[in-house]
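Asks: The sequence isn't on hand, but the structure is:
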DNA sequence: ACAAAAGTGTTGAGTGTACACCCATGG
DNA sequence: CCATGGGTGTACACTCAACACTTTTGT
């Protein structure tokens, strides 16, 4: 039987949001070695007596102040090479509504949103993690309601469509989009018909289930 | 920053095969505590300087003598409750051709195949792992060539169909199945037309790519 | 007035599904 | 001669993609 205690486990979270029509990821600026001055995904070690999901929630809450959002385990990556004790990294991904986020105020680290289409080179080979998360997210769009936590509780179908377009990176046909969404009945219409700042009254919808739903 | 060295990591493998028209899983019989005398999935601790994939391959090779088969990471589960130091478990799943397997000969442990439809209650909550693996496998059938490593190198379309049926747990229409498989061109026909033990000559096929392919 | 977003149907192509019979061989 | 598995085509239902104009409001 193998030697014990060789590894601890780290958890990292890819936090996505949609900002001005593009899909973005939350990154933190590292002050300490290794990879000082590089951008990286938020993450850290699993605490004793904590589940993996709890650790991911803790990280998400710390960075954004949010906890009731879509958050799912993604993949477990090997320990990145480096001077520290090697620990496998369990990656999660989350979707948040940017208007509900309160970014952590820090002295030395500056969290910031970066469009996924224009990422810098990240610490710990985190670019691969983001790429993997993006692929998974795109795949899940087709058959689940994951986007529920990217949008406010009530939203127009156009807003929803913009979220889909940002994630898929291409334009969608409006009429086909509406037909499909309504036929899946992921959403219910609500009575309210006027939204601040909108050009004209519009029907608002909400997700019929806000829990993660994987058809 | 959290305390270090609280956890190591374990790896476990769900090894599937098709035996007389039903999908089966390889289990080992535990001699030692915890869960002595219970059946469990093969697994063990990650060794220092080993990648997760390597650990899974090592386990698979140890139990079956095989290494060139489909093997994919599945999910990372929390440490099971118990007296030992809690370690998260990175689960993998593999597909093997039973005729190529050489089960490990052991004195105290007896590895054995169990149909997934009729599993005993497993140690370490491994039943949930098997259920998860089965769902993933079924999903992957639709859009990938994963079954390539369940079958011998050359096979008839009927054999292939039997493998699909065992995994999905339902009968498929022969003509539709053939049309679909051929249209995906996952397989190429080979010249050989006679197979030992078969009732009549038949066209044999082989997978055009034997590498994992995720369309 | 005009820019910006909301809303609304039809058609054609392609895909998926249901369904039944003949053939070659081994026993 | 019969049991076993190999091999083959068509018709219908459904899903998906392409496509343009009118309405309402804020500025």
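Replies: On my side now, so go ahead. This structure is a prediction, so every number in the text was calculated from the model and none was measured.
Asks: and residue A:133, how far is that from residue B:181?
Replies: To residue B:181, residue A:133 is 32 Å away according to CB to CB, to the nearest Å. Quick note: C-beta positions are derived from backbone N, CA and C, even for glycine.
Asks: Pick out whichever of these two has more residues nearby.
Replies: residue A:133 (24 against 17; other CB atoms under 10 Å in any protein chain shown).
Asks: Wait, a helix at residue A:178?
Replies: Yes. According to DSSP: H, G, I helix; E, B strand; the rest coil, residue A:178 belongs to a helix.
Asks: and it, how far is that from DNA strand C?
Replies: 5 Å (CB to the nearest atom of the strand, to the nearest Å).
Asks: in what helix or strand does the closest residue to residue A:34 other than its chain neighbours lie?
Replies: Spatial nearest neighbour of residue A:34, excluding adjacent residues (CB to CB, 6 or more residues apart in numbering or on different chains): residue A:82 at 5.0 Å. When elements are assigned from DSSP states H and E, residue A:82 belongs to no helix and no strand.
Asks: which residues in chain A form helices?
Replies: Remark: helices assigned in chain A by DSSP state H are A:52-64, A:126-141, A:157-168, A:174-183.
Asks: so what does the first one touch, helix or strand wise?
Replies: Using 3 or more CB pairs under 8 Å, 6 or more residues apart in numbering or on different chains; DSSP states H and E as the contact criterion, the secondary-structure elements in contact with helix A:52-64 are strand A:10-19, strand A:22-29, strand A:43-45, strand A:70-77, strand A:89-95.
Asks: Compare those and give me the one nearest DNA strand D.
Replies: strand A:22-29 (20.1 Å; CB to the nearest atom of the strand).
Asks: near chain B, anything from that closest one?
Replies: No. Using CB under 8 Å from any CB of the partner chain, strand A:22-29 never reaches chain B; the gap is at least 14.4 Å.
Asks: From the rest of the structure, what touches that strand?
Replies: With CB atoms under 8 Å, 6 or more residues apart in numbering or on different chains as the test, strand A:22-29 has contacts from A:14-18, A:37-42, A:63-64, A:103, A:109-117, A:119-120, A:122, A:130, A:134, A:166-167, A:169.
Asks: give me the low-pLDDT residue ranges for chain A?
Replies: Applying pLDDT under 70 to chain A flags residues A:1-7, A:212-215.
Asks: need the residues of it near DNA strand C, please.
Replies: Counting by CB under 7 Å from any atom of the strand, the residues of chain A close to DNA strand C are A:156-159, A:174-176, A:178-179, A:198-200, A:202-203.
Asks: need these in TSV with neighbour count, can you?
Replies: Formatted as TSV, the residues of chain A next to DNA strand C follow (neighbours: other CB atoms under 10 Å in any protein chain shown):
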residue	neighbour count
A:156	15
A:157	18
A:158	13
A:159	18
A:174	11
A:175	8
A:176	9
A:178	15
A:179	11
A:198	13
A:199	6
A:200	7
A:202	16
A:203	13
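Asks: The helices and strands packed on helix A:52-64: which one's closest to residue A:57?
Replies: strand A:70-77 (6.5 Å; CB to CB).
Asks: Next, format the residues of chain A next to DNA strand C as TSV and append distance to chain B.
Replies: Output for those, formatted as TSV (distance: CB to the nearest CB, whole Å):
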residue	distance to chain B
A:156	32
A:157	29
A:158	31
A:159	30
A:174	28
A:175	27
A:176	22
A:178	27
A:179	24
A:198	40
A:199	41
A:200	42
A:202	37
A:203	35
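Asks: Please list which of those also come close to DNA strand D.
Replies: Checking those against DNA strand D (CB under 7 Å from any atom of the strand), the matches are A:174-176, A:199-200.
Asks: closest to DNA strand C among those?
Replies: residue A:175 (3.0 Å).
Asks: Distance of that closest one relative to residue A:181?
Replies: The value you get for residue A:175 to residue A:181, if CB to CB is used, is 11 Å.
Asks: Ok, residue A:30 next?
Replies: Distance, residue A:30 to residue A:181, using CB to CB: 40 Å.
Asks: now swap in residue A:188 and tell me
Replies: Distance from residue A:188 to residue A:181, by CB to CB: 11 Å.
Asks: Check residue A:161 too.
Replies: 8 Å.
Asks: now residue A:42
Replies: With CB to CB as the criterion, residue A:42 and residue A:181 are 32 Å apart.
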